[in-house]
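Trainee: one predicted model, sequence on top.
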Amino acid sequence: MILVIIVFAVFLLMGMPVAFAIGISGFVWFLQNPSLPITIPIQVSLSQILNFTLLAIPLFILAGNVMNYGGVTSRLMNFAASLTGHMRGGLGQVSAVLSTLMGGVSGSSIADAAMETRMLGPEMLKRGYPKGYAVAVNVWTSLITPIIPPGIAFIIYGTIGQVSIGRLFAAGIVPGLLLMIAYMFAIWVSAKRMGLQPERERRAPASEVMKALAKSIWAVIFPILLLLGLRTGIFTPSEVGSFAVIYGLIVGLVIYRELDLKTFFKHTLDDSINDVGSVMYIIAMSQIFGYGLVWEKTPEKLASFLLNISTNPYVLTTMIILFLIFAGLFIDATALILMLTSVLLPVARRVGLDPVHFGLVFILAAAMGNQTPPVGASMYAGCSVLGASVEEYTKASLPFFITTIAVILIIMFFPQLVLFLPNLLFK
């Protein structure tokens, strides 16, 4: 298995897409074990994507694109601006709140980073924001989006680890809000240091805020409807994805009337096919790699290794967080969750960690890889929109990197912040 990991690392350093690197290195393992039928890689890759629960992923991706093209995003941005425009670094504050609201729409850090940088970035530059800082704000705040339900990472983790997806969705709300508040504080401090002014002199009157809320209410209540549907048993996690698509179509076609059939077929479906293809291909290829890990009993070996170091859950979780942050520098967050859930979750259970609590810490630490160089997908999405260099972005990212680590540690040491809502809603 060591040779396979080396091959995987070499392919990543060569710049090969992570899905191909995972699939080819997994196939190398099968070549090392000629006693196994060579047809197994095909069988296991297909069996993984035929999992019924994973049907929610393409449906949520389609629902997110339907809402984006249906006028939801612009209304959410106006609502966010009415709440935070009076604060230091007003456009940055808008980005933090908008990412939180977009969690119920896109569920993708990469899509949110590209969209918000495109919408807010040019205005930030006009108001004197340094280019690297403008990108860093929009990219790091996009980390909130996959934590607020319905996050695709929750579906993958819950499916592989046999953890309740409804409880994971509920568990993401408080950490997502905590991350938003922490980023808003970091933006306020850094904006004050750079002399960045608010967007407006006074706080928006309550009537303006309520008017903006009324226009965006269909997007704001969407995560609440998802949780209620799961809690009451009306939907399974797969079925709730279908509801999300229908809900998005009603909002875009009937309520806001900004989505037409031409846009739906030309843009919405086209974007969704590309997004679904990339995610599901990574899922399929990771199963080939994962088969080798299970065959070699890697989860058991790693569990024994970690437990020999310490059985203290906080020490083990800290070690796992540090490892995930390092691995995220080179490996896509989705791939990390796919490859390591079956390896690390048994270790967490052995030391008495709640799988939902561990899942939030695990997913948040792994998702940071999208924001960090040298291979962060969200980072490149934001930098490409404004033409910022990775060096400019990296220098401006330090306050947000520290803030994210602080939030992860708070969530780790205070599990009830994560478990309060799941225990309340899913008894």
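Mentor: Thanks, I have the structure now. Numbering: from 1, shown residues only.

Trainee: Gly90 and Leu83 touch, don't they?
Mentor: No. Gly90 is not in contact with Leu83 according to C-beta atoms under 8 Å; the separation is 10.3 Å. C-beta coordinates here come from the backbone N, C-alpha and C atoms, glycine included.

Trainee: what about these two, which has more around it?
Mentor: Each of Gly90 and Leu83 has its neighbours counted (other C-beta atoms under 10 Å); Gly90 has more, 22 against 19.

Trainee: how much space is there between the closest residue to Ala327 other than its chain neighbours and Phe323?
Mentor: Once flanking residues are discounted, Ala327 sits nearest to Leu336: 5.9 Å by C-beta to C-beta, 6 or more residues apart in numbering. Taking C-beta to C-beta, to the nearest Å as the measure, Leu336 falls 10 Å from Phe323.

Trainee: these two: which has the busier surroundings?
Mentor: Taking other C-beta under 10 Å, Leu336 and Phe323 do not tie; Leu336 has more neighbours (25 against 15).

Trainee: what's the helix or strand for that one?
Mentor: helix 333-350 (DSSP states H and E).

Trainee: can you name the element that comes right after that helix?
Mentor: helix 355-367.

Trainee: show me what counts as buried in the helix or strand just after that next one.
Mentor: Going down the chain from helix 355-367, the next helix or strand is helix 377-386, by DSSP H and E. Residues of helix 377-386 classed as buried: 377-383, 385-386 (neighbour count, 16 or more other C-beta atoms under 10 Å).

Trainee: which helices and strands sit right next to helix 377-386?
Mentor: helix 109-126, helix 131-141, helix 390-413 (3 or more C-beta pairs under 8 Å, 6 or more residues apart in numbering; DSSP states H and E).

Trainee: out of the ones you listed, which gets the lowest mean score?
Mentor: Confidence, taken as mean pLDDT, is least for helix 109-126 of the helices and strands packed on helix 377-386 (a mean of 83).

Trainee: now the angle between helix 355-367 and that helix, please.
Mentor: Inter-element angle recorded for helix 109-126 and helix 355-367: 50 degrees (by axes from the mean of the first three to the mean of the last three C-alpha atoms, to 10 degrees).

Trainee: per-residue pLDDT of Gly290, please?
Mentor: So Gly290 comes in at 74 (pLDDT).

Trainee: I figured it was touching Met339, is that so?
Mentor: Yes. Between Gly290 and Met339 there is a contact at 6.2 Å, judged by C-beta under 8 Å.

Trainee: for Gln93, give me its contacts.
Mentor: 84-85, 87, 184, 187-188 (C-beta atoms under 8 Å, 6 or more residues apart in numbering).

Trainee: what's the ChimeraX line that selects buried ones from these?
Mentor: Buried members of the contacts of Gln93, defined by 16+ other C-beta under 10 Å, are picked up in ChimeraX with:
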select :84,85,87,184,187,188
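
Trainee: what is the nearest of the contacts of Gln93 to Asn312?
Mentor: Met184 (33.2 Å; C-beta to C-beta).
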